[in-house]
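> Sequence and predicted model, in that order:
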Amino acid sequence: MSDAAHEPRQHYLNYDYSVRSWLLTTDHKRIAILYLMSISAFFVLGGVMAGLLRLELLTPHGDLVQAETYNKLFTMHGITMIFFFLIPSIPAVLGNFLVPIMIGARDLAFPKINLLSWYVYTLGAAFTVVAMVTGGVDTGWTFYTPYSSTYANSNVILAALGVFITGFSSILTGLNFVVTIHKMRAPGLTWFRLPLFIWAHYATSLIMLLGTPVIAITVLLVALERGLGIGIFDPNLGGDPVLFQHLFWFYSHPAVYIMILPAMGVMSELVACFSRKRVFGYDFVAFSSMAIAILGFLVWGHHMFVSSQSMYAGMIFSLLSFLVAIPSAIKVFNWTATMYKGSISLQTPMLYAFGFVGLFTIGGLTGLFLATLAVDVHVHDTYFVVAHFHYIMVGGAIMGYMGGLHFWWPKITGRMYSDAWGRLAAIILFVGFNLTFFPQFLMGFLGMPRRYHVYPPEFQMLNVLSSAGGAILGLGYLLPAFYLAWSIFKGKPAGDNPWGATGLEWQTPSPPPTFNFEQMPVVAEEAYAYDATPEGHRV
Amino acid sequence: MSEHSAQVAHHFEDAEQQHEASTLGMWAFLITEIMFFGGLFAGFFVYILGHAQAFAEGSRHLDLTLGTINTLVLLGSSLTMALAVRSAQQGRRQGQVLFLILTMTLGLVFLGIKGLEYAHKFEQHLVPGPLFRMEGPHAQFAQLFFSFYFAMTGVHALHMIVGVGLLAWLLVNALRGRYSAEYFTPVEVSGLYWHFVDVVWIFLFPTLYLVARHA
Amino acid sequence: MWPQVTHALRLIPEQASTIAGQVDALFLFLVAITVFFAGLIFLLVAVFALKYRRRSEDERPKAIHGSLVLEAFWTVVPLGIGLAIFVWGAYLYFVISRPPAAAMEVYVVGKQWMWKLQHPTGQREINELHVPVNRPVKLTMTSEDVIHSFYVPAFRIKADVVPGRYTNTWFEATKTGEYHLFCAEYCGTSHAVMGGRIVVMEPAEYERWLTGGVSTESLPAAGEALFARLACNTCHKTDGTGRGPSLVGQFGQTAKLASGETVGVDESYVRESILTPQAKIVSGFPPIMPTFKGLVTEDQLLQLVAYIKSLKTDGQAKP
């Protein structure tokens, strides 16, 4: 199946170049590209905001922007990055593209609903952008009441509605994945032959379905309270402001698993391919994804240890939080064991995988600090928490996203990028990331609270280090934008399977034809059958 | 089952796969709806625990008669909906049309009665907000009760409206003879949706009109 | 020794309370665990990447499916370590959450964007709290508007300050000096400057500070005056002949309600009874007490609470 014999070949990108064919597409691969454009734009927006924040924090005084502006910046940075970048990222781009192909299907179960999910995302994004440009929101992405419902003087309702609408995009994506994975697997593809990427997306989709509606109703109630003056969370009217926190975190904790599970799915694929070995403990990794999804719904109160919730509730949430850490640890050990006696290749995607393992391990372990009741009392709402979640979200999830993007780029575009530039960018990212966020652990334990635009001078040195790191981090993200874009026009044609990987997606041309396969596949072996002899697994 | 008949979408292997996918899809969607309403019920139960008397006071202002009538109306509409699905399954066009129209009518009756209740509440100054007024010491927390009353029945009513819209679309297709024993999935999954909205009311009605009243 | 070193190296804040050293010890253990496991993983990945690097394109390593023993091992060991950390943390948290009985009480009201603190002896402070060293101090706190959080890094304590209810925390300072007070729950525009300092003094110096400055009446005395001015004493007569129950000696007891339940007479119950009197009526009394919502501020509520707390069985207010 060499590419030369097929040039020029019709595939999902070139069969129709019109704008209409893109905006009205029901092809999951094109929808994935639409999402890629949208989330990249929001990543840039969120990144610019982060840049401004770190710039302001170079000095202890508020000399760059006013307090109100700073508060709006960190709020909007959080909303943008979480709802408009991280939550969609891997599922809506890589998941949309790969789930049908990996299971040997022609498309997702509901292609029109897939397109609808992108339009819903865009509508929610529009509301949020309008909220931002017409004055901004300054409640923090967490919208705590009664500040958000009664006291804030910013575009809370618009932003809350933006988040509300976008949530449905998440729900529709999750729904599509669950039904597709259940009902549209190729003949012979039993559950335990599925790539772990699919298991991860299945678990993620369960969380999307069960968790997102709760935040939907919660932000809706805040909007109603603010707009109509009714009191649900307002203590002056008998409401309970802490009830908001329970409802909010009931979704927002599982949401972090929505952000990390897909990246873990990517990890399994990368480690297997670049060790040329099946994932060690496949069953355990698959079950761990499910365990994380289930346990993830039981720990929300660990965000509320000092909120005035009962001491006993705190203890239960703390215990459960230690339990939820275990499946993640199991995965890290299994990925490491996969490398044992493997055939390790250090190409770009594998470097991102290494970055993930290192940074996610640190991020996950620092989560234990926060699960520990007495320690959390001290570090809650300080930069320690900020460092922890950036290690997981950026060091983990975004590294996973970048690794996945670099791994499947040849399949998606039919082109290869420069591996040298790829590796350079990955290393720059790793260095920049640690310089940005490691000092924040120290800052936090020293007592610097978060969401502060000014701070006591003794924290300055650590802040300067962090901001310097931020500049390097920005460079690390800029580079792929260039060499990946360049590869679309000038990159070497990739061939069906440039990495020598297993998996149905590598058994079809790059880029794939519109209906994915010339002939629908039948599956007869386990996932990651790297030790099998057929020549088909090699380039 | 016919393979790739005109009504099987191209990405499905066969009609059976399409039918199973559609049904599972609707069940998955309904589970998200359970979580959506669940948040409201959770909030309500947290508050009634602390303010039982005030909530009882608020609940006593609700019109039990109209609420009961509405419950019967909705239960009836679930019956007619089930009959509509059966007619579609049996390919009986007249039955489909009749029962869909009946279901829509009952749905609209429900909404009308709800509207009447809302109008009454407005007159009695029981709509939460700056115009809320109630006698007695429990006014403050009773307002909280009414916030939940309007939020919960309002969101439910919105779902009803969507349901009626769905039925209208089904009706148009039924008149065109689109549904038969081979293909009646849209009617079936719409039926699931309609029954769900009914079930939510089965929980709403006792919670707001009965349990609270006697708290 | 090591706290001073690490503090000098700017790695930890000062340890200025009885709990700080204990929290830091647990923190250090967590650091050790983190360094160990992260180091282990880094090492293994590096070693494997080097030792098993791909030497030829034709390499085809043998599949290793897994090992039940290993899975059990690396499930149970982390679980055990995690549970140990949990127990340690929960125990310390238990201590942090329960103020000692004889603690000195201070009342705190947070509002956008300042802290108002009242000593029982009457001194009021804004954004500062003077306390004696080696004496437990219990803070009873509420907010006038949004949620704030009272955070003193040097003491390793933090508690949210919530409108509509009282929250508590406590500390016993072990070193004289001045320590940062931060608001640690985002509360609007000037959240970052809603701070101040805790000033810990030697006992003698603290006594001097108490008596110096403008002499103000003690909290219970202020509460007593308010009790009379708002005519509470017309129904809550101390001899029990009024339409409402006598409040003498009631604080700290359990009261039986008309509904049959019992309730502890604590700060929260007193506050609730003043603002929403119909919520929990004491058994045997008619539900006729009017609400004082809008007629008393949070500061005044704390004065009334302090007064009622001080009513021992002889009916006399204690300073």
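Sure thing, it's come through.
> Now tell me which helix or strand of chain B has the poorest mean pLDDT.
Among the helical and strand segments of chain B, the one scoring lowest on mean pLDDT, DSSP states H and E is helix B:52-60, with a mean of 90.
> residues near residue 164, how many?
Just so you know, I chose chain A. Counted with other CB atoms under 10 Å in any protein chain shown, the burial measure for A:Phe164 works out to 19 neighbours. All C-beta atoms are positioned from the backbone trio N, CA, C, and that covers glycine.
> my question was about chain B
B:Val164 is flanked by 20 other residues according to other CB under 10 Å.
> between the helix or strand harbouring it and helix B:52-60, how big is the angle?
Using DSSP states H and E, B:Val164 sits within helix B:139-175. With axes from the mean of the first three to the mean of the last three CA atoms, to 10 degrees as the criterion, the two stretches helix B:139-175 and helix B:52-60 enclose an angle of 50 degrees.
> Secondary structure class of the residue in the stretch 201-319 of chain C that chain B sits nearest to, three-state.
Each residue of the stretch 201-319 of chain C has a distance to chain B, by CB to the nearest CB, and the smallest belongs to C:Gln278, at 4.0 Å. Assigned by DSSP: H, G, I helix; E, B strand; the rest coil, the conformation of C:Gln278 is coil.
> burial count for it?
Look at C:Gln278: counted by other CB under 10 Å, it has 18 neighbours.
> Could I get the phi/psi values of the nearest residue to it once chain neighbours are set aside?
In space, C:Gln278 comes closest to B:Pro137 once its chain neighbours are excluded; the distance is 4.0 Å by CB to CB, 6 or more residues apart in numbering or on different chains. Geometry field for B:Pro137 lists phi and psi as phi -70, psi -10, criterion degrees, to the nearest 10.
> check contacts around B:Pro137.
With contacts taken as CB atoms under 8 Å, 6 or more residues apart in numbering or on different chains, B:Pro137 has the following neighbours: C:277-278, C:287, C:291.
> How about the contacts made by the residue of the stretch 201-319 of chain C closest to chain B?
Contact partners of C:Gln278, counting by CB under 8 Å, 6+ apart, are B:53, B:137-138, C:287, C:289, C:291.
> just those residues: which has the poorest pLDDT?
By predicted confidence (pLDDT), the lowest-ranked of the contacts of C:Gln278 is B:Pro137, with 77.
> In the chain, mark out all the strands, start to finish.
Defaulting to chain A. Counting by DSSP state E, residue ranges of the strands within chain A are A:415-416, A:492-493.
> Chain C, not that one
C:104-111, C:114-118, C:124-126, C:128-132, C:136-143, C:148-152, C:157-161, C:167-172, C:177-183, C:196-201, C:254-256, C:262-264.
> Neighbouring strands of the fourth one in the sheet, and parallel or not?
Neighbouring strands of strand C:128-132 in its sheet, by DSSP bridges, are strand C:196-201 (parallel).
> next one: the third one
In the sheet, strand C:124-126 lines up against strand C:114-118 (antiparallel) (DSSP bridges).
> what does the first one give?
For strand C:104-111, sheet partners with direction are given as strand C:114-118 (antiparallel), strand C:136-143 (parallel), following DSSP bridges.
> centre of the chain versus the lengthiest helix in chain A, how much separation?
What stands out as the longest helix in chain A, according to DSSP state H, is helix A:241-275. Here the centre of mass of C-alpha atoms in helix A:241-275, compared against the chain's by CA atoms, centre = their mean, to the nearest Å, lies 7 Å away.
> swap in stretch B:122-130?
Going by CA atoms, centre = their mean, where stretch B:122-130 is centred and where its chain is centred differ by 24 Å.
> That stretch vs chain A: in contact?
Yes - residues of stretch B:122-130 contacting chain A under CB under 8 Å from any CB of the partner chain: B:128-130.
> buried stuff in that stretch?
Buried positions in stretch B:122-130, judged by neighbour count with 16 or more other CB atoms under 10 Å in any protein chain shown: B:126-128.
> will you turn the residues you listed into a markdown table that also has secondary structure?
Converted to a markdown table, those look like this (three-state DSSP):
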| residue | secondary structure |
| --- | --- |
| B:Leu126 | coil |
| B:Val127 | coil |
| B:Pro128 | coil |
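> if we can go back for a sec, in ChimeraX, select just the buried ones from the contacts of C:Gln278.
With 16+ other CB under 10 Å as the burial test, the buried ones among those are selected in ChimeraX as follows:
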select /B:53,137,138 /C:289
